[in-house]
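> compute the structure for the input listed below.
(chains A and B)
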Amino acid sequence: MTAVIENLDPLLRALGTTVLILVISAAGSLVLGVLITVARVSPIPVLRGAAWAYVQVFVNVPLLALLLLAVFALPDAGLLMPLTTTVIVVLTVYEAAYVAEAVRSGINTVASGQVEAARALGLRLSQTLRHVVVPQAVRAVVQPLGNVMIALLMNTALAATVGVVELTSAVNKVNLVAAQPIPIFTAAGLTYMALALAIGLAAGRIEKKVAIHR
Amino acid sequence: MTTPMVILRGVDKHFGELHVLRSIDLEVAPREVVVVIGPSGSGKSTLCRTINRLEPIDSGEIRVDGQPLPAEGAQLAQLRADVGMVFQSFNLFGHLSVLDNVMLAPLKVRKVGKATARTEAMALLERVGIADKADRFPAQLSGGQQQRAAIARSLAMHPKLMLFDEPTSALDPEMVNEVLEVMTSLAADGMTMVVVTHEMGFARRAADRVVFMDAGQIVEVAPPAGFFDATRSERARSFLSNVLAH
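Numbers count the residues shown, from 1 in each chain, chains lettered A, B, ... in the order given. Modelled structure (predicted):
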């Protein structure tokens, strides 16, 4: 445990980097994911096709491969960004595909009869989406989105492989010097667990808040 | 002669290979109650759903209150606002209270003020006998209560025509009557109604005319007394003997 306490300062800084990557990628992937879903259920075939292709690409390529590609290949192509920024961008576009899948499944849970009833009452398509479909889809999608965010948190650890000093990378460095793997990696593991629990609890609270009364 | 509320002329519709509606001709007069009966798959539900264009048709013509059905868009939304529809599965909005279900379309489509919408909605819920359930959510109501709420939701738009697509088919037997009573009183008040149903008692009691469909065609049209007591077509006779046997 002494190794952890002695290195608290750099470890906390590294944790800060992990949280920074998590928060920015989470916000970015939620926004991008919803936009992709809108494209996917839109009546315009080109948009639908593009959104489908996007999801297929990012769900079927390993994140590590994407990270290596972005960090080592993109500069060759003339695109050089700071490492942390690169990781945030990759995580955002990667997780957005999963967010899009979760949101789309939420929209699918809204029975077609709800849309028919809204249209039969004279609501326009935009009103139907806004007042009937979206409020019900959101309820089904909170918990799955929480899981995507937890996966995102775990995936931030891959940033270590491309040289970003976030939590995993930092504890690895501390261990190289102190050689106390059990307390050091246990502490890191517990920290990730605490963050994941916090995301899970937040999702649970939001879900309760928007639940349909029965 | 007044213009019919609904005119269908030479209406044809396919679901892929299946020819669900075969050159349907039908007129419904204002204040008339037309009950459509027939075996499953005869196209009666589809017929009902074409009238507010929830099902587009392949060919033919449909007019509501003299106006041809517009294509999908703002005009169609306007027409649908004037045509009430009650579904077999109620389709109440699950995230809204019963009162909010009834108020939604008046507020968003008719742009009625909130206080007026609320007063009217409460009056309608009173009329269908579930004013005490106004603050409940649909899932907290019985099927019969949900269907009465759905009728109130349609009535809130002051429709000039009401379509009922098997409104009692998803209900427990003891709840069928409470819904039929509401419908009978609507009919007595002079609402123009097209009702797809298996309730022969309701057809006999409330219908001005009974339409019998089979295999996508209208086989027989007659006032209830004539239809039930002097059935002309062989197909309708065998249908009636099957449904009235028990």
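
> which SSE is B:H19 in?
strand B:18-28 (DSSP states H and E).

> helix or strand next in line after that strand, which one?
strand B:33-37.

> who are the contact partners of B:P56?
Counting by CB atoms under 8 Å, 6 or more residues apart in numbering or on different chains, B:P56 touches B:T50. (C-beta placed from N, C-alpha, C; glycine too.)

> the strand holding B:H19 to strand B:33-37, inter-axis angle?
In terms of direction (axes from the mean of the first three to the mean of the last three CA atoms, to 10 degrees), strand B:18-28 departs from strand B:33-37 by 160 degrees.

> show me what contacts B:H14?
By CB under 8 Å, 6+ apart, the neighbours of B:H14 are B:20, B:58.

> does anything pack onto the strand holding B:H19? Which helices or strands?
strand B:6-15, helix B:44-50, strand B:217-222 (3 or more CB pairs under 8 Å, 6 or more residues apart in numbering or on different chains; DSSP states H and E).

> what pLDDT, on average, does the first one get?
Put plainly, it is strand B:6-15. Mean pLDDT, strand B:6-15: 96.

> so how far is it from its chain's centroid?
17 Å (CA atoms, centre = their mean, to the nearest Å).

> likewise for the second one?
Mean-position distance between helix B:44-50 and its chain equals 9 Å (CA atoms, centre = their mean).

> for the next helix or strand after it, buried residues please.
Next in sequence after helix B:44-50, counting helices and strands by DSSP H and E, comes strand B:59-64. For strand B:59-64, the buried set under the neighbour-count rule, 16 or more other CB atoms under 10 Å in any protein chain shown, comprises B:60, B:62-64.

> which stretches in chain B count as helices?
Ranges of helices within chain B are B:44-50, B:74-81, B:98-108, B:114-127, B:143-155, B:173-188, B:200-206, B:224-229, B:234-243, based on DSSP state H.

> what's the farthest-apart pair in the buried residues of strand B:59-64?
Spanning the widest gap among the buried residues of strand B:59-64 are B:G60 and B:V64, at 13.9 Å by CB to CB.

> mind listing what the strand holding B:H19 pairs with, with the direction of each?
strand B:6-15 (antiparallel) (DSSP bridges).

> so the partner strand versus strand B:217-222, what angle?
Going by the same axes, to 10 degrees, strand B:6-15 makes 150 degrees with strand B:217-222.

> with only the CA atoms kept, save strand B:6-15 in PDB.
Output of strand B:6-15 as PDB, limited to C-alpha atoms (Å, rounded to 0.1, in the frame of the first residue of the first chain):
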ATOM      1  CA  VAL B   6     -67.600   8.500 -46.600                       C
ATOM      2  CA  ILE B   7     -67.400   7.400 -50.200                       C
ATOM      3  CA  LEU B   8     -65.300   4.400 -51.400                       C
ATOM      4  CA  ARG B   9     -65.200   3.700 -55.100                       C
ATOM      5  CA  GLY B  10     -63.500   0.800 -56.700                       C
ATOM      6  CA  VAL B  11     -61.000   0.500 -53.900                       C
ATOM      7  CA  ASP B  12     -58.300  -2.100 -54.400                       C
ATOM      8  CA  LYS B  13     -55.500  -3.100 -52.100                       C
ATOM      9  CA  HIS B  14     -52.900  -5.900 -52.100                       C
ATOM     10  CA  PHE B  15     -50.600  -7.000 -49.300                       C
END
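
> near chain A, list only the ones from the buried residues of strand B:59-64.
Subset of the buried residues of strand B:59-64 in contact with chain A: empty, counting by CB under 8 Å from any CB of the partner chain.

> who in chain A is up against chain B?
A:111, A:113-114, A:116-124, A:127, A:131-132, A:135-136, A:139, A:212-214.

> buried subset of these, written for PyMOL?
Only the buried entries of the residues of chain A next to chain B go into this PyMOL selection, using 16+ other CB under 10 Å:
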select buried, chain A and resi 114+116+117+118+119+120+121+122+123+124+127+131+132+135+136+139
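
> surely B:M85 and B:D165 touch.
Yes - between B:M85 and B:D165 there is a contact under CB atoms under 8 Å: 7.0 Å.

> flag every residue of chain B that's near chain A.
Counting by CB under 8 Å from any CB, chain B sits next to chain A at B:52, B:54, B:74, B:77-85, B:87, B:89, B:91-95, B:104-105, B:108-109, B:137, B:139-140, B:150, B:153-154, B:157.

> filter those to the buried ones?
Buried members of the residues of chain B next to chain A, scored by 16+ other CB under 10 Å, are B:52, B:54, B:77, B:79-85, B:87, B:89, B:91-95, B:104-105, B:108-109, B:137, B:150, B:153-154, B:157.
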